Structures are given as structure tokens and as C-alpha cells.
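[1] Everything below, folded, please.
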Amino acid sequence: MIVLVPVYRPKDRLPRLVDDLAAALPAAHVVVVDDGSGPTAAEVLAAARDRGATVLRRRINRGKGIVLKTGFRYAAIHHPGRDVVCVDADGQHLIPDVVRVADRMRDTGTLTLGVRRFDGEVPLRSRFGNAATRAAFHLATGRRVEDTQTGLRAYPAALLGWLGTVPGERFEYEMNVLLHAARAGGPITQVGIATRYQAGNASSHFSSLTDSARIYRPLVRFAAARLFAADRHSGDPAPDVVTSSHPRPATRTP
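    Next up is the predicted model:
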């Protein structure tokens with residue numbers, strides 16, 4: 001398994017995270033992808049490399065979506081056939097939760113999300129933002145996803161090529177992954193995890209206005225396309241066959 005850690009201006013906790021992941025998942029290899037943090041991040045990234053992680057550095061800041069695609073492409077080329085679990089570097093994800101999400105993905109062979117419960121001390125913007133996007137996602141797709149913004153996600157190796165085709169360069173990319181999976185009828189497994197914020201989530205690089213707009217834009221487009229398709233087919237004559245005695249087999253790939 002590959003543990004993919006996207007970073008931008010990483011803090012001193014990154015080397016410790018690499019150690020903890022290696023101890024909890026000894027058969028896994030940690031890949032850190034830096035999003036153009038510049039020379040100030042050189043020391044902490046070198047420390048992560050010294051602890052056994054592969055460190056990939058982009059020269060220019062392009063956004064989380066580009067960083068994730070860089071990691072998926074690296075895994076597919078250099079570690080073919082290995083699953084990938086994505087972990088944020090801001091300290092939100094407990095190591096036991098990372099292990100549980102990875103294990104569930106291996107058991108099911110499906111895209112698996114670590115969904116936060118949003119109980120306890122949660123910043124208001126995070127609590128409200130998740131509730132709003134959760135409701136919007138359900139309206140747009142008819143699917144219920146309890147945490148559309150979670151960064152703790154596990155992907156079977158068979159999905160890596162597909163993940164490279166999903167549009168998006170910044171935070172909207174992770175929403176697009178869920179929208180495209182829902183459109184294809186692919187399974188999405190959800191695992192409850194703890195909700196933990198460090199210093200009120202002060203280390204997050206999420207811009208409330210700009211990045212929220214990027215996330216909601218594909219949701220609106222998806223909902224509009226769904227409504228247009230429903231309206232276009234509303235006047236179609238009833239099909240000759242409306243039921244089947246043989247259920248369609250479930251697919252694992254969105």
C-alpha cells in the first residue's frame with residue numbers, strides 16, 4: 001500500500017507523522033507530495049525523506065487536486081498494483097483511523113472515505129460547511145455521503161488511472177471524485193472516524209470563500225445536468241421492458 005500525504009508549507013509534525021504511519025502500516029510506503037512550498041520547507045521535507053518517505057516536490061503551487069494526481073500517477077508507475085490511502089498532514093487524522101479506513105478498503109475493494117462525526121469542539125465554519133455540502137451533494141446526486149470534504153480516503157489500485165481523468169486542480173477535485181463516482185453508480189464505502197482539529201484548524205490552507213466557490217460550482221453543474229436529463233426524458237414513451245428478473249451486478253469501479 002502507498003500512503004499519500006499531500007503537503008503545502010508543512011509543519012514540524014510531518015516527520016513524526018511519517019514515523020507513525022510506518023509503525024502502524026509496516027508494509028506501506030509513505031509518499032509525500034509538496035505543492036510548491038519553496039525553500040523554507042526544505043528542512044522538514046528532508047527530515048521526512050530521512051525517515052523513509054519518498055518526497056516529490058512541485059516547483060509551483062498548483063493546488064491539492066494536482067498534488068493528489070501527481071501522487072496517484074507516481075504510485076501507478078512506480079508501484080503498480082498497490083492501493084493508495086490519502087492522509088492530510090495537518091494532524092486531523094488519528095493513526096488508528098487511517099488503519100481502519102485502509103483495512104476496510106482492502107476488504108471491500110471500493111473507494112472508502114473516513115467520515116468525521118463532527119461532534120465535540122468543531123469550528124463553526126467546518127460544522128456548517130460540511131452540513132451544507134452534505135445536503136447539496138444529496139440533492140445533486142441522490143446519494144448520501146456523510147463527509148464530502150474528508151481528506152482521509154482510500155482507493156484500490158484499479159481506480160488510479162480513473163482518478164487521473166477526474167477534472168479539478170484544487171480543493172474541488174475531491175468533490176469531483178465523489179460526483180463522478182456517483183454518476184457512474186460506483187460504490188462508496190464510509191467509515192466513521194474521530195473529528196480532531198488542531199488550534200481551531202488554523203493550519204488549514206482552505207480559503208472559506210474562494211475554495212467554497214470552487215467546491216459548489218461542480219455541484220451546481222452536476223445538479224443542473226441531472227435536472228436537464230430528467231426533463232428531457234420526462235416525455236419519452238414508456239419502455240417495452242421496465243423490470244428484469246436478474247439484478248445488475250454491482251460494479252467496483254466508478
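
[2] what about the helices in the stretch 151-254 of the chain?
    For the stretch 151-254 of the chain, helices defined by DSSP state H, counting those that start in this stretch occupy the ranges 160-163, 172-183, 210-233.

[3] Let's have those in a markdown table, adding mean neighbour count, distance to Gly38 and mean pLDDT.
    Quick note: C-beta positions are derived from backbone N, CA and C, even for glycine. Formatted as a markdown table, the helices of the stretch 151-254 of the chain follow (neighbours: other CB atoms under 10 Å; distance: least, CB to CB, whole Å; pLDDT from 0 to 100):
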| stretch | mean neighbour count | distance to Gly38 | mean pLDDT |
| --- | --- | --- | --- |
| helix 160-163 | 19 | 27 | 98 |
| helix 172-183 | 22 | 22 | 94 |
| helix 210-233 | 14 | 21 | 66 |
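
[4] Any idea which of those helices gets closest to Leu14?
    Closest to Leu14 of those is helix 172-183 (CB to CB; 20.5 Å).

[5] What helices and strands are in contact with the closest one?
    helix 64-78, helix 124-141, strand 188-193, helix 210-233 (3 or more CB pairs under 8 Å, 6 or more residues apart in numbering; DSSP states H and E).

[6] Out of those, the one nearest Thr110 is which?
    Of the helices and strands packed on helix 172-183, nearest to Thr110 by CB to CB is strand 188-193, at 4.8 Å.

[7] Alpha carbons only: can I get that closest one in PDB?
    Extracted in PDB, the C-alpha atoms of strand 188-193 (Å, rounded to 0.1, in the frame of the first residue of the first chain):
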ATOM      1  CA  ILE A 188     -18.700   4.500  -1.900                       C
ATOM      2  CA  THR A 189     -17.900   2.900   1.500                       C
ATOM      3  CA  GLN A 190     -17.900   5.100   4.600                       C
ATOM      4  CA  VAL A 191     -16.100   4.500   7.900                       C
ATOM      5  CA  GLY A 192     -16.800   6.700  10.900                       C
ATOM      6  CA  ILE A 193     -13.700   8.400  12.300                       C
END
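
[8] Partner strands of it, with direction?
    According to DSSP bridges, strand 188-193 forms sheet pairs with strand 111-116 (parallel).

[9] angle of the strand it pairs with against helix 172-183?
    Angle, strand 111-116 to helix 172-183, by axes from the mean of the first three to the mean of the last three CA atoms, to 10 degrees: 120 degrees.

[10] on that earlier part again, export the helices of the stretch 151-254 of the chain to a markdown table and append columns for distance to Thr148.
    Output for those, formatted as a markdown table (distance: least, CB to CB, whole Å):
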| stretch | distance to Thr148 |
| --- | --- |
| helix 160-163 | 16 |
| helix 172-183 | 6 |
| helix 210-233 | 8 |
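
[11] Looking at those helices, which is nearest to Asp147?
    Among the helices of the stretch 151-254 of the chain, helix 172-183 comes nearest to Asp147, with 10.1 Å by CB to CB.

[12] What lies in contact with that closest one?
    63-66, 68-69, 111, 133, 137, 140-143, 145, 148-149, 151, 153, 163, 166-168, 188, 211, 214-215, 217-219, 222, 254 (CB atoms under 8 Å, 6 or more residues apart in numbering).

[13] again, but for stretch 100-110
    By CB under 8 Å, 6+ apart, stretch 100-110 touches 1, 25, 28, 83, 85, 111-114, 152-156, 158, 186-189, 191, 193, 252.

[14] buried subset of those residues?
    Neighbour-count burial (16 or more other CB atoms under 10 Å) is assigned, among the contacts of stretch 100-110, to 1, 25, 28, 83, 85, 111-114, 152-156, 186, 188-189, 191, 193.

[15] Tell me the spacing between Arg144 and Arg62.
    Distance, Arg144 to Arg62, by CB to CB, to the nearest Å: 32 Å.

[16] Pick out whichever of the two has more residues nearby.
    Just comparing Arg144 and Arg62: by other CB atoms under 10 Å the higher neighbour count belongs to Arg62, 16 against 11.

[17] What residues does the more buried one make contact with?
    Contacts for Arg62 (CB under 8 Å, 6+ apart) come out as 35-36, 169-170.
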